[in-house]
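Colleague: Kindly generate the corresponding structure for this input.
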Amino acid sequence: MTKTLKDYFKEFEDKVAGIEGNKGLWPGVNLRYHICKSFSLIKRFIQTQPLENQRDLWVTIINLLNDSKAFNNEEKEEIRGELLESVSIELEDLNKYMIRLQLHTQKTTTVKGNAKKANKPDAKFNWQGTQAQLVYLIEQLYKQGFLSPISQAEKHRLTAQHFTVKGESLNPRNLAKAKQSYLNNKGGKPKRGEEIEQIVSAAKKQNPRQP
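Modeller: This next block holds a predicted model:
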């Protein structure tokens, strides 16, 4: 049968009472030594329990010590006070440790979460305009020298790899069709193409290194 905390405390109380009853048979008996030695069994029991249970166990011991009738003289009352103080220290140390552990866990989880997001292969920029506007933006960035020249097919492949449009995945073939569609428009631009040009031009002016 597995012993509980109350079983350990009952044995402890019996020993405290036994020391008092045999005081005359044990000349010079040191109550503090024997009581504290017996109480150390309770401490070891609590310290072997899961961390999440230890706080409640220490609080229970405080209540049991306060309610115990075994501390029935002035010397024992003094020892009870010392035991309560030692339990309070244990409880305070446990609380500090749990706080540090929680902060460490949160920090580790956040770092891992950020690393996972950063390395997530499907993490993409979500463009809120149309496919044609996105293609036109990319073309303007290449035209103004912000991106190194590559083939048209590669442009569409990389755009599909790194962007979505309103949450939807892109296909390089459809991007090519979108480009051809706006080229067929009057002026060869998609809707709001002038705004895209203005944005890219403004960025170019802020970067004098651009050709």
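
Colleague: domains for this protein, by residue range?
Modeller: Following automatic domain parsing, the chain resolves into domains at 5-118, 125-205.

Colleague: Where among the ones you listed is average confidence lowest?
Modeller: Confidence, taken as mean pLDDT, is least for domain 5-118 of the domains of the chain (a mean of 84).

Colleague: Tell me the helix or strand right after the helix ranked longest in the chain.
Modeller: Secondary structure of the chain per DSSP state H: the longest helix is helix 74-119. Downstream of helix 74-119, the next assigned helix or strand under DSSP states H and E is strand 125-127.

Colleague: Which strands or helices does that next one pack on?
Modeller: Judged by 3 or more CB pairs under 8 Å, 6 or more residues apart in numbering; DSSP states H and E, the packing partners of strand 125-127 are strand 163-165. The C-beta positions use only the backbone N, C-alpha and C, and glycine is treated the same way.

Colleague: Name the surrounding residues that touch the strand it packs on.
Modeller: 124-131, 134, 170 (CB atoms under 8 Å, 6 or more residues apart in numbering).

Colleague: Which among these count as buried?
Modeller: 127, 129-131, 134, 170 (16 or more other CB atoms under 10 Å).

Colleague: So which of those are in strands?
Modeller: Residues of the buried ones among the contacts of strand 163-165 located in strands (DSSP state E): W127.

Colleague: Considering the buried ones among the contacts of strand 163-165, which is situated nearest to A70?
Modeller: Checking the buried ones among the contacts of strand 163-165 against A70 with CB to CB, the nearest one is W127 at 75.7 Å.

Colleague: how far out from the middle of the chain is stretch 181-193?
Modeller: Distance of stretch 181-193 from the chain centroid (CA atoms, centre = their mean, to the nearest Å) equals 49 Å.

Colleague: hang on, the earlier thing: and the two most separated of the contacts of strand 163-165?
Modeller: K124 and T130 (16.5 Å).

Colleague: right, so the domains of the chain: which one is the most enclosed?
Modeller: domain 125-205 (a mean of 15; mean count of other CB atoms under 10 Å).

Colleague: At which residues are the helices of this protein located?
Modeller: All helices of the chain, identified by DSSP H, fall at 5-21, 31-47, 51-67, 74-119, 131-143, 152-162, 172-183, 193-205.

Colleague: Can you name the residues in contact with the last one?
Modeller: When contacts are defined by CB under 8 Å, 6+ apart, helix 193-205 is touched by residues 133, 136-137, 140-141, 144-146, 182, 187, 210.
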